[in-house]
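1. Okay, sequence plus prediction incoming.
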Amino acid sequence: MIRLADLNQSSTQTNSSSSISLTAIIDTALCVGAGGSSGSLSDKPILKNAEGKLVIPASQLKGRLRHECEKIARALGWDICESPVAQTMCPQRAGLTGNFEHDHYDVGDRNPDDSTRHHCLICQLFGNPSLPSRLQFSDLVCTEHPDNIPEVLRPGVTINRRRCTAEEGKLFFLETSPANTALRFKGTIHIQPRWKLTHQTDEESRTTDFAKALMLAGLKHIHALGGSKSTGLGWLHWEPSVFRDPQINDHVWAFLSSPPPHIKKEVNHEAN
Ligand SMILES: [Zn+2]
C-alpha cells in the first residue's frame, strides 16, 4: 500500500522527522456522521472506511488539535493569528496587532525582505494558505473487527426552543457505536522536519523543536470527538503512554514558557 507520509518523507530530510502513535479509547458511544452514506436505517449513519471499520477522520482530529494548541500558545503569551479565515491568518494577519515579526516566527530560507516569512507557532505546525503543514494526520481507525460491532440506533427529536416542546414530525435516528465497550481507535501523526530558523544553528533548532510538546499538551485537552458531545456521545481518553515521550526535554518547555515580549507600539496605543 502506498502511504502519503512515506512518499513525503523520502523527499525531505528523513533524519529529523518523527511521529506520534495515538490510541483513543471511547468511554461512551461514538457518533461521527457520514453525510450521503446509504445502507443504514438511520438519518445520520456512522462513518466507516472501505473495510467497514469505524473511523474518526484525520481532518476532525487536526482541526480540534489546532484549536487546543492555539489556546495553549495564547495562554503562554505567544501572539497567534486567527484561523480559519485566510485574511486574519499568517502572513496577512489583517487587523491583528502583535509581535509577529520576531526571530521565533521567522521560517527562514527566504528573502530577508520578504514580508511573508513570519509565521506564528501554530502556523509553523499546522500550516496556512501560504505555508505547508509540518503535520500529516492519519484517520483514527477502530481496531475491532466490523462483524463484532452491531448497528446501534439512538432516537432523538428536535426541540422547539421557543415553546420548549418536541417539534411535530421531527423524530430522527443517529447511528452510534455500541456504548461502554471501550472501543480503541488507532492512528498516527507524522511530523516533518522543522522550519530552520535563520538565527539558529542546527543544534539549537533541534533542542527547541516544540512540535511534540505543544501537540501532546493540546491532545490532553481533547476529551471528546464526533457529534452530539453535549448529550454524552464521543467521550474518550488517550492511552497514557503517548504522553511519556523521552524526546521532550526541559529546553522545549523553557522555550514554550518564555514567549518574546509584546511590542511597545501596542502598549502605547492602549495608553492613549
Ligand atoms: Zn499564524
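-> Thanks, I have the structure now.

2. The longest strand belonging to the chain: how far from the chain's middle?
-> What stands out as the longest strand in the chain, according to DSSP state E, is strand 165-176. Relative to its chain's centre, strand 165-176 lies at 31 Å (CA atoms, centre = their mean, to the nearest Å).

3. Can you name the residues in contact with it?
-> Outside strand 165-176, the residues that touch it by CB atoms under 8 Å, 6 or more residues apart in numbering are 29-31, 33, 40-46, 151-160, 227-228, 233. All C-beta atoms are positioned from the backbone trio N, CA, C, and that covers glycine.

4. CA atoms of that strand as PDB?
-> Taking Å, rounded to 0.1, in the frame of the first residue of the first chain, the C-alpha atoms of strand 165-176 are listed here in PDB:
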ATOM      1  CA  THR A 165     -41.600  21.100  23.400                       C
ATOM      2  CA  ALA A 166     -40.900  18.400  20.800                       C
ATOM      3  CA  GLU A 167     -41.400  19.500  17.200                       C
ATOM      4  CA  GLU A 168     -44.100  17.700  15.300                       C
ATOM      5  CA  GLY A 169     -42.700  15.100  12.800                       C
ATOM      6  CA  LYS A 170     -39.000  15.700  13.700                       C
ATOM      7  CA  LEU A 171     -38.100  12.300  15.100                       C
ATOM      8  CA  PHE A 172     -34.700  11.200  13.900                       C
ATOM      9  CA  PHE A 173     -32.200   8.300  14.400                       C
ATOM     10  CA  LEU A 174     -28.500   8.600  14.900                       C
ATOM     11  CA  GLU A 175     -26.200   5.600  14.300                       C
ATOM     12  CA  THR A 176     -23.600   5.200  17.000                       C
END
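
5. Okay, buried residues for that strand please.
-> 174-176 (16 or more other CB atoms under 10 Å).

6. could you list every residue that touches residue 79?
-> Going by CB under 8 Å, 6+ apart, residue 79 touches 96, 98-100, 120, 259, 262.

7. Looking at these, which one is closest to the ion?
-> Nearest to the ion, judged by CB to the ion, of the contacts of residue 79 is residue 120 at 3.4 Å.

8. Tell me, how many residues neighbour the closest one?
-> By other CB atoms under 10 Å, 26 other residues sit near residue 120.

9. try residue 117
-> 20.

10. and it, how far is that from the ion?
-> Here the criterion is CB to the ion, to the nearest Å. By it, residue 117 lies 12 Å from the ion.

11. swap in residue 160?
-> In terms of CB to the ion, residue 160 sits 41 Å off from the ion.

12. so what pLDDT did the nearest residue to that residue once chain neighbours are set aside get?
-> Leaving aside its chain neighbours, residue 160 sits nearest to residue 167 (5.1 Å; criterion: CB to CB, 6 or more residues apart in numbering). As predicted, residue 167 sits at a pLDDT of 90.

13. same thing with the one 10 residues further on?
-> Among the per-residue scores, residue 177 holds a pLDDT of 86.

14. Same question for the one 10 residues further on.
-> At residue 187, the pLDDT value in this model is 94.

15. any weak-confidence spans in this structure?
-> 1-16, 34-40, 108-115, 196-207, 263-272 (pLDDT under 70).
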